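Asker: I would like to see how this sequence folds:
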Amino acid sequence: MTSRAGVPQELPRGENKQKNVVAEGRNRRVLRDIGNLVVKQAEKPHADPLKRITRLDNAQVAAEKNKKTTTELGNLVVSTKVVAAEKVVAEKPPEHEIIIVSSDDESEEEKKEKEHVSGRKAIERSSRKNVKTLSSILTARSKVACGLTNKPRDLVVDIDAADIDNELAAVEYIDDIYKFYKLTEDENRLHDYMGSQPDINAKMRSILVDWLIEVHRKFELMPETLYLTMNIVDRFLSMRFVPRKELQLVGISSMLIACKYEEIWAPEVHDFVCISDNTYTREQILMMEKTILRKLDWYLTVPTPYVFLSRYIKASTPSDKQMENTVFFLAELSLMHYPAIILYCPSLIAASAVYAARYTLGRSPFWTETLRHYTGYSEDQLRECAALMASLHSAAPESKLRAVYKKFCSTDRGAVALLGAATYAKKYKDFF
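Answerer: As a prediction, the model looks like this:
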């Protein structure tokens, strides 16, 4: 049975023709390029004529150009002959290489003129760089007036970098703390009070300090306790008249106060009674303690030289035990000397002790940019106080008050007092 799908249905003649035409139009495909024709693109009206040259024409044009250049210049060396380029057909593009050795188009006079012009321009550029403007001159004069120089300065060492993780070091606040110390040290600055003390003098004070240093060593107290003791003694003597027989009582009562303030395990009152060979009773010591505290208004948080010594020793990089012992030796010698306490503030005494110790131990340079940064003092500001410490060092072996000298002659202090005081004093005499 045959299918009727391929049998066309009979329709009226007019309609049949129209529908067949439409059907043929819909099914007819557009003619396409099937790859068997070579279509030449139409040339553009304004196209470059060089693009229309064939490969053979390119070879001929190149050969003709080579001929012209060789005849005109005469200095061109052609690596391949022109005849080889003419024989090449459309099989391969011509491969030829032209090497230009030199070109003498310019005459010698033109070259000299160009060299002269370029040299003149270079001179003009260099002269412009060397010209000093008015602003640069004023800036240089301002630097000279302010004491600024262009010399390379030593780098400032961050002495707190190693303690960044130590909470007790208070690295975030340490700079502000020492700025506050330097501001407040002038408030408690001692004046010359010996004129108001008719019964005692500077020599008696030195004898008292010498004895207190021995007591301090006997009790094995902290170094800050000694400096606070002397601060309390001097401040009290500057405020009240003290008879000679009570001077030692003021000393042991001041040390009792300092021990309660600084020490973890402070000596008891009967210990001071025994150390004074029962010269004063327990009641007398307690009464003097109350008197001192009332007179000082209980103001004990003061910047002593020790506060600055601990900081400045750290800034004296590299620091070691010998350096530390030498600094404390010189500082305690100045502590016994009344004029040093009156003339110089605690921070200057500490800085001068570091400076003199560096000179004693031969640390070069004697004063670094790091020390200048953290102390705030220049080398010239320390020379006078350091020279005084040098003279005290030279006189220590022959002095009758030998507590400091014996203390720092021991091996546990590095025997820094035995560093040849005479030679050291001679060095300072020449140096200052």
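Asker: check contacts around the closest residue to V157 other than its chain neighbours.
Answerer: In this structure, V157 finds its nearest non-sequential neighbour in T370, 4.6 Å apart by CB to CB, 6 or more residues apart in numbering. For the C-beta atoms, the positions are set from N, CA and C on the backbone; glycine is no exception. Neighbour list for T370: 154, 156-157, 159, 315, 317 [criterion: CB atoms under 8 Å, 6 or more residues apart in numbering].
Asker: try 10 Å this time
Answerer: With contact set as CB atoms under 10 Å, 6 or more residues apart in numbering, T370 has these partners: 154-159, 314-317.
Asker: ok, so of those residues, who is nearest L401?
Answerer: Lowest distance from L401 to the contacts of T370 (CB to CB) belongs to S316, with 27.8 Å.
Asker: R372 versus the closest one, what's the distance?
Answerer: 12 Å (CB to CB, to the nearest Å).
Asker: shared neighbours of those two, anything?
Answerer: In contact with both S316 and R372: A351, using CB under 10 Å, 6+ apart.
Asker: about what we covered before: of the contacts of T370, which is the nearest to N231?
Answerer: Closest to N231, out of all of the contacts of T370 and judged by CB to CB, is K314, at 21.8 Å.
Asker: and that closest one, how many residues sit next to it?
Answerer: 16 (other CB atoms under 10 Å).
Asker: Repeat that for R383.
Answerer: Count around R383 with other CB under 10 Å applied: 17.
Asker: Show the secondary-structure elements that the helix or strand harbouring L256 is packed against.
Answerer: If you go by DSSP states H and E, L256 is part of helix 247-262. The contact analysis (3 or more CB pairs under 10 Å, 6 or more residues apart in numbering; DSSP states H and E) places helix 247-262 against helix 202-218, helix 223-237, helix 269-275, helix 282-295.
Asker: count of neighbours near the closest residue to V215 other than its chain neighbours?
Answerer: Leaving aside its sequence neighbours, V215 sits nearest to I275 (CB to CB, 6+ apart; 5.6 Å). Residues within reach of I275, counting by other CB under 10 Å, total 17.
Asker: my guess is I275 meets K218, correct?
Answerer: Yes - counting by CB atoms under 10 Å, I275 touches K218, with 6.9 Å between them.
Asker: hey, what's in contact with both of those two?
Answerer: P267.
Asker: Could you dump the contacts of T370 into CSV and include secondary structure, pLDDT and distance to L293?
Answerer: What follows is the contacts of T370, written out as CSV (DSSP: H, G, I helix; E, B strand; the rest coil; pLDDT from 0 to 100; distance: CB to CB, whole Å):
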residue, secondary structure, pLDDT, distance to L293
D154, coil, 55, 46
L155, coil, 83, 47
V156, coil, 86, 42
V157, coil, 86, 41
D158, coil, 86, 40
I159, coil, 87, 36
K314, helix, 92, 32
A315, helix, 92, 34
S316, coil, 89, 36
T317, coil, 83, 40
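Asker: now the residues you listed as TSV including distance to A390?
Answerer: Converted to TSV, the contacts of T370 look like this (distance: CB to CB, whole Å):
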residue	distance to A390
D154	25
L155	30
V156	27
V157	27
D158	31
I159	26
K314	23
A315	21
S316	17
T317	23
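Asker: Generate a ChimeraX selection restricted to the buried entries among those.
Answerer: Command for ChimeraX that selects the buried part of those, burial taken from 16 or more other CB atoms under 10 Å:
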select :157,159,314,315,316
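Asker: Convert stretch 237-255 to CSV, retaining C-alpha atoms only.
Answerer: Below are the C-alpha coordinates for stretch 237-255, written out as CSV (Å, rounded to 0.1, in the frame of the first residue of the first chain):
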residue,chain,number,x,y,z
LEU,A,237,68.2,69.9,106.5
SER,A,238,67.2,72.6,104.0
MET,A,239,63.9,73.1,105.9
ARG,A,240,64.8,72.8,109.6
PHE,A,241,67.6,73.6,111.9
VAL,A,242,69.3,70.4,113.2
PRO,A,243,71.8,70.3,116.1
ARG,A,244,75.0,68.4,115.6
LYS,A,245,74.1,65.6,118.1
GLU,A,246,70.9,64.8,116.2
LEU,A,247,72.5,64.7,112.7
GLN,A,248,73.0,60.9,112.9
LEU,A,249,69.5,60.5,114.2
VAL,A,250,68.2,62.3,111.1
GLY,A,251,70.3,59.9,108.9
ILE,A,252,69.0,56.6,110.4
SER,A,253,65.4,57.9,110.5
SER,A,254,65.6,59.0,106.9
MET,A,255,67.0,55.5,106.0
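Asker: helix/strand/coil for the residue nearest to V157?
Answerer: helix (DSSP: H, G, I helix; E, B strand; the rest coil).
Asker: how much space between it and A170?
Answerer: Distance from T370 to A170, by CB to CB: 20 Å.
Asker: ok, now S238?
Answerer: With distances taken as CB to CB, S238 is found 32 Å from A170.
Asker: and what of P339?
Answerer: 35 Å.
Asker: For I313, the count of nearby residues, please.
Answerer: Neighbour count of I313, defined by other CB under 10 Å: 20.
Asker: That one contacts V307, correct?
Answerer: No - counting by CB under 10 Å, I313 does not reach V307; the two are 11.7 Å apart.
Asker: overlap in contacts of these two?
Answerer: Joint contacts of I313 and V307 (CB under 10 Å, 6+ apart) are A350.
Asker: ok so, going back, and the angle from the helix holding L256 to helix 202-218?
Answerer: Helix 247-262 runs at 40 degrees relative to helix 202-218, counting by axes from the mean of the first three to the mean of the last three CA atoms, to 10 degrees.
Asker: nearest residue to E224 other than its sequence neighbours?
Answerer: Closest to E224 by CB to CB, 6+ apart is Y306, at 4.7 Å.
Asker: re earlier: between S238 and A170, tell me which one has more neighbours.
Answerer: Counting neighbours by other CB under 10 Å for S238 and for A170 shows that S238 has the greater number, 15 against 12.
Asker: From V250, how far out is that one?
Answerer: S238 is 12 Å from V250, by CB to CB.
Asker: now F408
Answerer: Counting by CB to CB - F408 and V250 are separated by 26 Å.
Asker: One more: L212?
Answerer: Taken as CB to CB, the span from L212 to V250 is 10 Å.
Asker: overlap in contacts of the two?
Answerer: Any residue near both L212 and V250 by CB under 10 Å, 6+ apart counts here, and that gives V233.
Asker: neighbours of I252, just the number please.
Answerer: Counted with other CB under 10 Å, I252 comes out at 26.
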